[in-house]
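Colleague: need a 3D model of the following:
(one chain, ligands or ions: 1)
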Amino acid sequence: MNRISNELNKIVNRSLDRHVRLAVTGLSRAGKTAFITSLINQLLHVSTNARLPMFSAVRDGHLLGAKRVPQLDLHVPKFGYDEGMQSILSTPPAWPEPTRDVSQTRLALRYKPQKGALKLFQDTATLYLDIIDYPGEWLLDLPLLDLDFLAWSKQQNQVLKGKRLELATDWLALTESFDPFAPADEKQIEQISAAFTAYLHQCKAEGGLHWVQPGRFVLPGELAGAPVLQFFPLLWDQKYPEKQLLDADENTNIGMLRSRYKYYQQHVVKAFYNDHFSKFDRQIILVDCLQPLNAGPESFNDMRQALDQLMQSFKYGRSSLLRRLFSPRIDKVLFAATKADHITPEQHPNLVGLLQQLVNEAWQTASFEGINMDCVSLASIQATEPGFVTHQGQQVPALRGSDMAGNPQTLFPGEVPKRLPNEAFWQQHSFDFINFRPLPQQSDEPLPHIRMDKALEYLLGDKLQ
Ligand code: GDP
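Modeller: This next block holds a predicted model:
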């Protein structure tokens, strides 16, 4: 009898266990790897010495514990939590190596249900949390699904101004001898594609620019070196009639570019949305607002444009591109301004204000049906200590930490604008946000953070009721 009731209990338990897929994204260096490492670390400490007062499940004692369990998607690389922690705990401490592809990890969260059927049937329940990390650059590719090769080429042509034009010199020089109607020359296409890819990398690395398309060219993951990443936009400058370009057959140079572009649309962009994105329940988008403030107006405006593009993936209006592909299920999106420990605490509200301004305009004018959105500022792994220093007889806020070379630093990095900075602002203000090394940690203590608990509450609070 006892056995039967045990079995019954198990069946009921299994059917009532729940599951949430939390996706973490952001442009490269936004702080995804640090965020996921800290998130796992904070959850693994809930039963011992959690520091998560704003996470209600922990504050009220409902969340009993968390453990890592094998992930279900065996074809997706595992997120390198152990490697990340090893870096942080090493002497001297170092930041985890960022991931450059999609990766995943699974946690089982044991909790005491507070509501509904779960409370009736069970003392404890399990929430399985899949955390999926993917580069935000991949979301910049969504608009490609609505553009054919020539329309995409025209768009790329239009943005070739300022810094981009300067950085494109080598690529443009190589395209001069490119005849779109000549028989397809794979070697030449490979060469020009390499110059185009180098240009995209430079846009990010040297230009501080974020909007780079196609996204996989800079973060290819397992596709590195594949012909699907060897094409480039055609800059034909009215030299040829558009009809002639459209009519050229498959065996010409333009034919090969067109078919690779199409292959990229179908097998790279669409496949990501079908295989991964369509299965996400919750999304956090990490944004480093401080780096573009350091880099200047062009970089800042470019990041704004990249964010606008990124948000297109959450526009689920009835006739949207995504609705045509699948029925989306994301119901909550959190935008997080990362690395809040780079600025003094009284600047944190400004950082949130700035992020809100960056995303709100696009959010309000689009149809983000059925999705809740919020903004927060956080530091996944706090690398500085806030305090005050005396300057000309006055107490002024300051940060203390070590730079990447290990030299102690005490500084006031600058003021963060509350609103989108205008021309006058750029002329009057200068920023000095340096990179800090993580502080030395004890392996049995949770990582120090700022507002990770607020993010957890928004993303998981209702799932642990
Ligand atoms: P990813 O490319 O989005 O995975 O970005 P990472 O997580 O690798 O972060 C990029 C860099 O940003 C790190 O190497 C750190 O220098 C810095 N960083 C990330 N998160 C934090 C944080 O919470 N505080 C501080 N001070 N720096 C951070």
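
Colleague: which parts of the stretch 151-300 of the chain are strands?
Modeller: 282-287 (DSSP state E, counting those that start in this stretch).

Colleague: low-scoring stretches of it, by residue?
Modeller: Counting by pLDDT under 70, the stretch 151-300 of the chain shows no low-confidence range.

Colleague: mind redoing it with 90?
Modeller: 159, 161-163, 204-212, 219-225, 235-242, 291-300 (pLDDT under 90).

Colleague: which other helices and strands contact the lengthiest helix in the chain?
Modeller: In the chain, with assignment by DSSP state H, the single longest helix is helix 186-205. Applying 3 or more C-beta pairs under 8 Å, 6 or more residues apart in numbering; DSSP states H and E, one finds that helix 186-205 makes contact with helix 162-167, helix 169-175, helix 215-218, helix 253-264. Backbone N, C-alpha and C define where each C-beta goes, glycine included.

Colleague: of all the ones you listed, which lies closest to the ligand?
Modeller: Taking C-beta to the nearest ligand atom, helix 215-218 is the member of the helices and strands packed on helix 186-205 nearest to the ligand, at 11.7 Å.

Colleague: now do the buried residues in that closest one.
Modeller: Neighbour-count burial for helix 215-218 flags 215-218 (criterion: 16 or more other C-beta atoms under 10 Å).

Colleague: do that helix and the ligand meet?
Modeller: No: using C-beta under 6 Å from any ligand atom, helix 215-218 never reaches the ligand; the gap is at least 11.7 Å.

Colleague: contact residues of the stretch 351-465 of the chain facing the ligand?
Modeller: Going by C-beta under 6 Å from any ligand atom, the residues of the stretch 351-465 of the chain near the ligand are 379-381, 383, 435-436.

Colleague: by pLDDT, give me the weakest of the residues you listed.
Modeller: Lowest pLDDT of those: residue 435, 90.

Colleague: need the contact partners of the helix or strand residue 425 falls within.
Modeller: Per DSSP states H and E: residue 425 is located in helix 423-428. Contact with helix 423-428 is made by 296-297, 417, as judged by C-beta atoms under 8 Å, 6 or more residues apart in numbering.

Colleague: just confirm residue 402 is within a helix.
Modeller: No: counting by DSSP: H, G, I helix; E, B strand; the rest coil, residue 402 falls outside a helix, being strand.

Colleague: which residues sit in contact with it?
Modeller: Contacts of residue 402 (C-beta under 8 Å, 6+ apart): 408-409, 436-437, 439.

Colleague: among the residues you listed, which two are most distant?
Modeller: Among these, the pair separated by the greatest distance (C-beta to C-beta) is 409 and 439, at 12.4 Å.

Colleague: what is in contact with those two at once?
Modeller: What both residue 409 and residue 439 touch, as defined by C-beta under 8 Å, 6+ apart, is the set 401-402.

Colleague: so how far is residue 30 from residue 361?
Modeller: 20 Å (C-beta to C-beta, to the nearest Å).

Colleague: comparing those two, which residue is more hemmed in?
Modeller: residue 30 (26 against 14; other C-beta atoms under 10 Å).

Colleague: now the closest residue to that one other than its chain neighbours: how far from residue 27?
Modeller: Nearest non-adjacent residue to residue 30, counting by C-beta to C-beta, 6 or more residues apart in numbering: residue 286, 4.2 Å away. The gap separating residue 286 from residue 27 is 8 Å, by C-beta to C-beta.

Colleague: overlap of the contact sets of those two?
Modeller: When contacts are counted by C-beta under 8 Å, 6+ apart, residue 286 and residue 27 have residue 136 as shared neighbours.

Colleague: the more surrounded of these two?
Modeller: The residue with more neighbours, out of residue 286 and residue 27, is residue 27; 28 against 25, by other C-beta under 10 Å.

Colleague: check what pLDDT that one gets.
Modeller: 91.

Colleague: list the contacts of it.
Modeller: So residue 27 contacts 135-137, 210, 287-288, 303, 306 (C-beta under 8 Å, 6+ apart).

Colleague: switch to 10 Å and redo it
Modeller: When contacts are counted by C-beta atoms under 10 Å, 6 or more residues apart in numbering, residue 27 touches 135-137, 139-140, 204, 210-212, 215, 218-219, 285-288, 291, 303, 306-307, 310.
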